[in-house]
Structures are given as structure tokens and as C-alpha cells.
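K.L.:
Got a predicted model here, sequence first, then my questions.
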Amino acid sequence: MLVFLEDLGRVQERAQQLKLAALGRLTASIAHEIRNPLSAIGHAGELLREERRGAMQERLLKIVADNVARLDRIVADVLELGRRDRMQAETLLLEHFCTHFVESFEGVQSIAPGIITLETEGEPVLCFDRTHLHQIVWNLLANAVRHASGGPGSVRLRASAGAGVAELHVIDDGGGVPDEVRAQIFEPFFTTHHLGTGLGLFIARELCTANGATLDLASDPGHGHFIIVGRSDTCLLPEAKGAPVGN
Ligand SMILES: Nc1ncnc2c1ncn2[C@@H]1O[C@H](COP(=O)(O)OP(=O)(O)O)[C@@H](O)[C@H]1O
Ligand SMILES: [Mg+2]
């Protein structure tokens, strides 16, 4: 009887996974389909704007342009989520990964060197899909930079090695997440920023889960502080325990 119930539980879990995967594919294709009409609307708005018909029209066209940009950010984020199913875990040396990451992040976001600092303890390695980790750290650092004071060392990336795990902390010297919204920040579309999509943390956590890792907000009052904990000993897929990934 007990065996039967356990099997049923697994069957239900599998069915749920399949449903979620189908839903994920549908979401990604809807997002993809929205792209072209959205860019046509944006483009038509630009052309109308060039006619310069007066202040009222100018104002209305700005509303169109702002909302096209907003939808475009949401679509881009949802498409990121679609990458969750295509994962290729590899052993990443965090010091190397983070050094290169910070350089490219600073370049793209025009951030002066020295604002973001990197600390490593031991030789942390993480078993993770490289593109996924890139996306996750990007989302966390973008939030950290937005909330930090902007001074030297105001955003810290700290990697450390533990027993069979590695931790990656993203810490900023901003005010941290207020208690009243702590429970909501990982929800899709929750944002307190006027240009935010509220998908950054949701996507980051989903991608962590796909890689058998966790993403949490640290209980560090008065600071933005997020922690990724992932496996470093063996590159195993979460559902394929015992079977090494790849070769
Ligand atoms: N480092 C941080 N410090 C303070 N609040 C944060 C930080 N990171 C995230 N948050 C809060 O979590 C919300 C959701 O973040 P996110 O999912 O990345 O969406 P978005 O950046 O589009 O607002 C933010 O709007 C903000 O209220
Ligand atoms: Mg964000």
C-alpha cells in the first residue's frame, strides 16, 4: 500500500513537471509572438512622432513609446525563462567566472571599476549551466547596483567553498528589503521600481532551482544580501541522482 502511494506521488510529480514544461513552452512562444507586432507599434509611433503635430500628440506618443518599452522588457525577461529547459551543467571556477563577469557587467552598465568588489574564500567551484549563472548574477547585481550608495566597494560579490557546496553572496550597502515586502520579492511581477518588470528575482530563483541550487534573501537587516547555494562536488542533474551529466 505504501509503495503504491509513493509511486502515485511520483507519477503526479512527473505529470506536474510535464504540465509546467508545456506551460513554459506556451509562455515562451506567446512572448516570442508578441515581439514582432510590438516592434511594429513602436516603429509606427516613432514615425508619427516625426510629424510633430503638437504637444498633446507628443504626450500621447510618449505614453505609447514608454509602454512599448515596458512590454519589450517583460517579453525579453520571459524569453530568458524559456532557457531554463536547455541546460548544460559544467564545473565553474567561481573566482574565474566572477572576475570575467564583473568586467563585462561594468563595461555594459558603464560602472566605474572599484564600485563592485570580489572576494573569494578557498577555491569555490559550482556545478551550473554557465549561461544560467550569468543571467542570475546579472539580475542580482543589477538590483544591488540600483540600491547601493554607489561608492567604492558598495556592491560586494563574495564566493566561498563549503563541504560539497559553494556559496555566492551578492551584497549591497543600500537599505535592504523592507520587512513588509520580504515575502513578495520572488513573486513574478512584484516590483517597487517604476521601470522594473518584477521578473528578475523570480527568473533568478527558477534558474537556480533548475540547476539544483537555492537562492534566498539573507536575514541581514539594513543591507541587500542575496545568497546562492549550489553543488560543487558532482555535476548531477537534480532528477538524475547517481547518473553523471554529460560524458
Ligand atoms: N538589493 C536589493 N535591495 C533592496 N530591495 C531589493 C533588492 N533587490 C530586489 N529588491 C526588491 O525586490 C523587488 C523585485 O526585484 P526584481 O524581481 O529584480 O524586479 P525589478 O528589479 O524589476 O523590480 C524590487 O523591485 C525591490 O523592491
Ligand atoms: Mg531586478
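P.N.:
Nice, I can see it. Residues are numbered from 1 along each chain as shown. Ligands and ions are numbered 1, 2, ... in the order given.
K.L.:
ok, so what distance separates the residue nearest the centre of the chain from Leu60?
P.N.:
Taking CA atoms, centre = their mean, the centroid of the chain lies closest to Ala204, which sits 3.0 Å from it. Per CB to CB, to the nearest Å, Ala204 is found 36 Å from Leu60. Using the backbone N, CA and C atoms, a C-beta is placed for each residue, glycine as well.
K.L.:
so who does Phe105 touch?
P.N.:
The contact partners of Phe105, by CB atoms under 8 Å, 6 or more residues apart in numbering, come to 111, 116, 138, 141.
K.L.:
Now it: which helix or strand?
P.N.:
helix 94-109 (DSSP states H and E).
K.L.:
Could you tell me how far stretch 26-36 lies from the centre of the chain?
P.N.:
19 Å (CA atoms, centre = their mean, to the nearest Å).
K.L.:
Give me the contacts around stretch 48-61.
P.N.:
For stretch 48-61, the external contacting residues (CB under 8 Å, 6+ apart) are 45, 65.
K.L.:
so how far is the first residue of it from its last?
P.N.:
One end of stretch 48-61 to the other measures 8 Å (CA to CA, to the nearest Å).
K.L.:
residues of it that come out buried?
P.N.:
Of all the residues in stretch 48-61, those buried under the rule 16 or more other CB atoms under 10 Å are 49, 61.
K.L.:
tell me the mean pLDDT for it?
P.N.:
On average, the pLDDT along stretch 48-61 is 87.
K.L.:
now stretch 158-167
P.N.:
Across stretch 158-167, pLDDT averages out at 95.
K.L.:
Can I get that stretch in PDB? Just the C-alpha atoms.
P.N.:
Written as PDB, here are the backbone C-alpha positions of stretch 158-167 (Å, rounded to 0.1, in the frame of the first residue of the first chain):
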ATOM      1  CA  ARG A 158      31.600  37.000  -2.200                       C
ATOM      2  CA  ALA A 159      32.200  33.400  -3.200                       C
ATOM      3  CA  SER A 160      33.100  30.700  -0.700                       C
ATOM      4  CA  ALA A 161      33.600  26.900  -0.700                       C
ATOM      5  CA  GLY A 162      31.900  24.600   1.800                       C
ATOM      6  CA  ALA A 163      31.500  20.800   2.100                       C
ATOM      7  CA  GLY A 164      30.200  19.700  -1.300                       C
ATOM      8  CA  VAL A 165      28.600  23.100  -1.900                       C
ATOM      9  CA  ALA A 166      29.700  26.600  -2.900                       C
ATOM     10  CA  GLU A 167      28.000  29.900  -1.900                       C
END
